[in-house]
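Participant: Prediction below, plus the sequence it came from.
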Amino acid sequence: MTIAPHTLPPPPVENDVLPEPRPDTDFLARLALRRSTKVAHLAAPCPEGDTLDAILRIGARVPDHGKLGPWRFIILSGDNRQVYGTKIAELLSARGEVKDPERLALEEGRFLRAPLVVAVVFSPVESPKVPEWEQVLSAGAVCYNLLLAAQGFGYGGCWLSEWVAYDREALALLGLSPQEKLAGFVYLGTPTEAPLERPRPSAASRVTHWQP
Ligand SMILES: Cc1cc2nc3c(=O)[nH]c(=O)nc-3n(C[C@H](O)[C@H](O)[C@H](O)COP(=O)(O)O)c2cc1C
């Protein structure tokens, strides 16, 4: 089943009355069994047009102290995934860091691993009230919300950083200013395989009840 993006509620405006929380077993089951899709298992088709717009809209609907919106999206799609990959391969080559042709070919194809990559950029906003740490957390929530929104439309996704996220020159080629950071590359597409559960820390092992 595909979901037409226009079936979503239109973006609310300030002071609209919004739905109250209600018990929802489907919603809970999705969260309880949520998994990322490995990039190797992300194929075409990917979200585009109105569906992609809706995913970005939902993605950005996160807790955000001070309504600062300290993030932005850079879409890597189509041939531009290869163009950017070529640029980062050239960067590694020019620095003399990588000479192995196989590794350079891998870098050229890095962003071709999924049909769509959304780079979530953390753009800090100068604020006397909201510490940067809180803005960082909000940008992380955007990455996660993108994954959830994509899943709601039946797509799979994976949030990766890899070396590119920490390389200032590679980020400059992507269009980031020196103040900005890469919150994540969110790879999106259609899952080719059902995900398998992986070990994960139990919440219970991380809980203590504070006592004076
Ligand atoms: C900020 C951030 C960066 C990540 N970067 C990578 C990465 O570079 N490579 C990787 O294999 N997984 C990375 N992950 C982990 C995957 O996104 C994913 O969470 C993990 O494979 C577990 O899958 P799950 O989401 O189904 O639990 C990153 C996660 C976060 C939160």
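Facilitator: Structure received. Numbers count the residues shown, from 1 in each chain.

Participant: What residues of the helix or strand containing Arg57 count as buried?
Facilitator: Using DSSP states H and E, the element containing Arg57 is helix 49-59. By 16 or more other Cβ atoms under 10 Å, the buried positions in helix 49-59 come out as Thr51, Leu52, Ala54, Ile55, Leu56, Ile58, Gly59. C-beta here means a position set from N, CA and C on the backbone, and glycine is covered the same way.

Participant: Ok, stretch 146-166 next?
Facilitator: Neighbour counts using 16+ other Cβ under 10 Å place 146-147, 149-151, 153, 155-160, 164-165 of stretch 146-166 among the buried residues.

Participant: Over to stretch 82-94?
Facilitator: Within stretch 82-94, the residues that qualify as buried are Tyr84, Gly85, Ile88, Ala89, Leu91, Leu92, counting by 16+ other Cβ under 10 Å.

Participant: and which of the residues you listed is nearest to the ligand?
Facilitator: Proximity of the buried residues of stretch 82-94 to the ligand, judged by Cβ to the nearest ligand atom, is greatest for Ile88, which lies at 14.6 Å.

Participant: Residues contacting the lengthiest helix in the chain, please?
Facilitator: Criterion DSSP state H: the longest helix present in the chain is helix 132-152. With contacts defined as Cβ atoms under 8 Å, 6 or more residues apart in numbering, helix 132-152 is touched by 3, 30, 34, 36, 47, 54-56, 58-65, 68, 70-71, 118, 120-122, 124-125, 127, 156-159, 181, 183-184, 186, 188.

Participant: biggest strand in the protein by residues?
Facilitator: strand 181-191 (DSSP state E).

Participant: Get me the contact residues on this structure for the ligand.
Facilitator: On the criterion Cβ under 6 Å from any ligand atom, the ligand has as its neighbours in the chain the residues Arg35, Ser36, Cys158, Trp159, Leu160, Ser161, Glu162, Gly184.

Participant: Can you report how many residues neighbour the residue nearest to the last one when sequence neighbours are not counted?
Facilitator: Right, the one you point to is Gly184. Across the structure, with Cβ to Cβ, 6 or more residues apart in numbering as the measure, the residue nearest Gly184 apart from its sequence neighbours is Cys143 (4.1 Å). Under the neighbour criterion other Cβ atoms under 10 Å, Cys143 is assigned a count of 22.
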